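Novice: Need coordinates for the below:
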Amino acid sequence: MPILFVVAERQTGDNINGWTQLIKLWGPKVVKTFKAEYLKLTWGALILSALSTGCTVIPGSGMSSEVFAWPSAKVDSPALAVSRIKITPAMLSGSNTSQRPTPVVNSLLVEDDLSRPYQYRMGVGDVLSIIVWDHPELTAPFGSFNNAREQGNVVRDDGTIYYPFVGSVLAKGRTVAELRTELAQKLANFIESPQLEVRIAEYRSQRFFMAGSVTTPGTYPITDVPIKLVEAINLAGGLTDNADLFDVRLTRGDTTAVTPLYNILYEGDLTANVRLQHGDVVHVAPNELRQVFVLGEVVQPQTLPMTNRPLSLTQALSNAGGIQEARADGRGVYVIRRSEYDGVVDIFQLDVSEAWALALGDQFMLQQRDVVYVTAAPITRWNRWVSNVLPSLQGLFNIDRLGQ
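Specialist: Numbers count the residues shown, from 1 in each chain. Next up is the predicted model:
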């Protein structure tokens, strides 16, 4: 509208700064006509501008089903590739097992030969109880009131023990049977047909460590009874409520393996239930990172924690209150997942415009850090655009009325 004042100033050479001066100059009918035409042009320009910019002015992520349209997907980074997969019965039958986290197969687990007989070999610090029948002076030299730990023979730093009449005998790295045989042979030089029993009164030389989401983390001894992974977890009081069965790590020396505890407990696959050794560290991670994110046109967008049981796509949508029936585009339910290959993102699409597709979604198992996104319907996006533009147009209309 100020352009009318500029035109009038150039025509008269005077300073025109009010409607009264303009009406005196051109008459009320002419000024009214100019104002009506100006208003039409303003509205037209706004509408054309909005249409040209499209939906980019709509608040929010701006994603629509066209973003994931086949065969081209919009990605800004040239290093990022998109793998697009439609969730179909054929797709689920061919790759359903891959929906579960795949444990890392490590040589640490393969090398453990459970078929080998287990024999405990003594080490430095172990306390031995050596009994020589009919010779209490050798069995309990400090009196019968002392327990076996107090009067036992401790394996010294050099790996030996000292025994009366025999002297130093190597114990480190040997079984109790091997030590008993040698002691009996040497005592035979002093005692007729000696009968010996060698026991380990206290295990001090070998231990393993339990850490993370177990009830009683700590240090536990390796004994003459072999202990496997599941038994070790039970020995530590069991798993806590937030334990992640898919992230149990066994570290042995410089090697770490992710053990498939879920498969051991729920699928009966005991091949990875390895026997623990001295120095092993078992760490059970909390499941705080096991989450999926449900966004877009659902009733309650939220972050869903994953338990140790599989979580399906339909279940995740249900936990989020379902899709917004009045606003969501049923053809655009997507699962965005980081691929196992670097620089690749997998996008799975489920079309739930037909109700039976929800059964497919119930067979599609989510993985941790998956993003479930439900796109908006075209009419929803249009309504949002209108609701954001109307206040601006109303403001212009009010200004124009004030000018009249």
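Novice: from here on, contacts and neighbour counts on C-alpha atoms
Specialist: Will do.
Novice: pretty sure Arg331 is in a helix, no?
Specialist: No: applying DSSP: H, G, I helix; E, B strand; the rest coil, one finds Arg331 to be strand, outside a helix.
Novice: Would you check that my belief about it contacting Ala355 is correct?
Specialist: No: Arg331 is not in contact with Ala355 according to CA atoms under 8 Å; the separation is 11.2 Å.
Novice: what about those two, which has more around it?
Specialist: Arg331 (17 against 10; other CA atoms under 10 Å).
Novice: Excluding chain neighbours, give the residue nearest to that one in space.
Specialist: Leaving aside its chain neighbours, Arg331 sits nearest to Asp351 (4.2 Å; criterion: CA to CA, 6 or more residues apart in numbering).
Novice: Phi and psi next, for the one you found.
Specialist: For Asp351, the backbone dihedrals (degrees, to the nearest 10) come out as phi -100, psi 110.
Novice: Wait, it touches Ala357, no?
Specialist: Yes: when contacts are counted by CA under 8 Å, Asp351 is listed as touching Ala357 (6.6 Å).
Novice: hmm, which helix or strand of this structure has the shakiest average pLDDT?
Specialist: Least confident helix or strand of the chain, by mean pLDDT, DSSP states H and E, is helix 107-110 with a mean of 58.
Novice: Tell me the first helix or strand C-terminal of that one.
Specialist: Downstream of helix 107-110, the next assigned helix or strand under DSSP states H and E is strand 127-132.
Novice: Please point out which parts of the helix or strand hosting Leu304 sit buried.
Specialist: Here Leu304 sits within strand 302-305, counting by DSSP H and E. Neighbour counts over strand 302-305 (16 or more other CA atoms under 10 Å) mark 302-305 as buried.
Novice: Likewise for stretch 225-239?
Specialist: Buried residues in stretch 225-239, defined by neighbour count with 16+ other CA under 10 Å: 227, 229-230, 232-233, 235-236, 238-239.
Novice: same check, this time on stretch 265-280
Specialist: Of the residues in stretch 265-280, 272-280 count as buried by neighbour count, 16+ other CA under 10 Å.
Novice: now the end-to-end length of that stretch.
Specialist: Start to finish, the residues bounding stretch 265-280 are 21 Å apart (CA to CA, to the nearest Å).
Novice: of the buried residues of strand 302-305, closest to Val386?
Specialist: Nearest to Val386 out of those is Gln302 (CA to CA; 27.1 Å).
Novice: Name the residues linked to that closest one by a beta bridge.
Specialist: Per DSSP bridges, the residues bridged to Gln302 are Val294.
Novice: Use 241 as the first number from now on
Specialist: OK, 241 is where the count begins now, so the last one is Gln542.
Novice: pretty sure it contacts Val534?
Specialist: Yes: with contact defined as CA under 8 Å, Gln542 reaches Val534; the gap is 5.5 Å.
Novice: Between the two, which contacts overlap?
Specialist: Common contacts of Gln542 and Val534 (CA atoms under 8 Å, 6 or more residues apart in numbering): Ala560.
Novice: between Asp591 and Ala597, who's got more neighbours?
Specialist: A count of neighbours by other CA under 10 Å puts Asp591 above the other of Asp591 and Ala597, at 20 against 16.
Novice: Report the contact partners of that one.
Specialist: By CA under 8 Å, 6+ apart, the residues touching Asp591 are 570-573, 597.
Novice: what's the farthest-apart pair in those?
Specialist: Largest pairwise distance in the contacts of Asp591, by CA to CA, is 12.1 Å, between Gly572 and Ala597.
Novice: show me what contacts Thr400?
Specialist: Contacts for Thr400 (CA under 8 Å, 6+ apart) come out as 408-412.
Novice: swap the cut-off to 6 Å and go again
Specialist: Thr400 makes contact with 408-411, according to CA atoms under 6 Å, 6 or more residues apart in numbering.
Novice: From these, pick the one nearest Lys426.
Specialist: Taking CA to CA as the measure, Lys426 lies nearest Val409 of the contacts of Thr400, at 10.0 Å.
Novice: pretty sure that closest one is in a strand, no?
Specialist: Yes: assessed by three-state DSSP, Val409 belongs to a strand.
Novice: what about it, distance to Gln555?
Specialist: Counting by CA to CA, the separation of Val409 from Gln555 is 66 Å.
Novice: Looking at these two, which is more packed in?
Specialist: Neighbour totals were compared for Val409 and Gln555, and Gln555 leads with 19 against 16 (other CA under 10 Å).
Novice: So the more buried one: helix, strand or coil?
Specialist: helix.
Novice: Three-state assignment for the closest residue to it other than its chain neighbours, please.
Specialist: What sits nearest to Gln555 in space, not counting adjacent residues and going by CA to CA, 6+ apart, is Asp602, at 6.6 Å. Judged by three-state DSSP, the three-state class of Asp602 is helix.
Novice: now do Ala497
Specialist: strand.
Novice: What's the local residue count around the residue lying closest to Arg447 once chain neighbours are set aside?
Specialist: Excluding the flanking residues, the one nearest Arg447 by CA to CA, 6+ apart is Pro461, at 4.1 Å. Counted with other CA under 10 Å, residues neighbouring Pro461 total 17.
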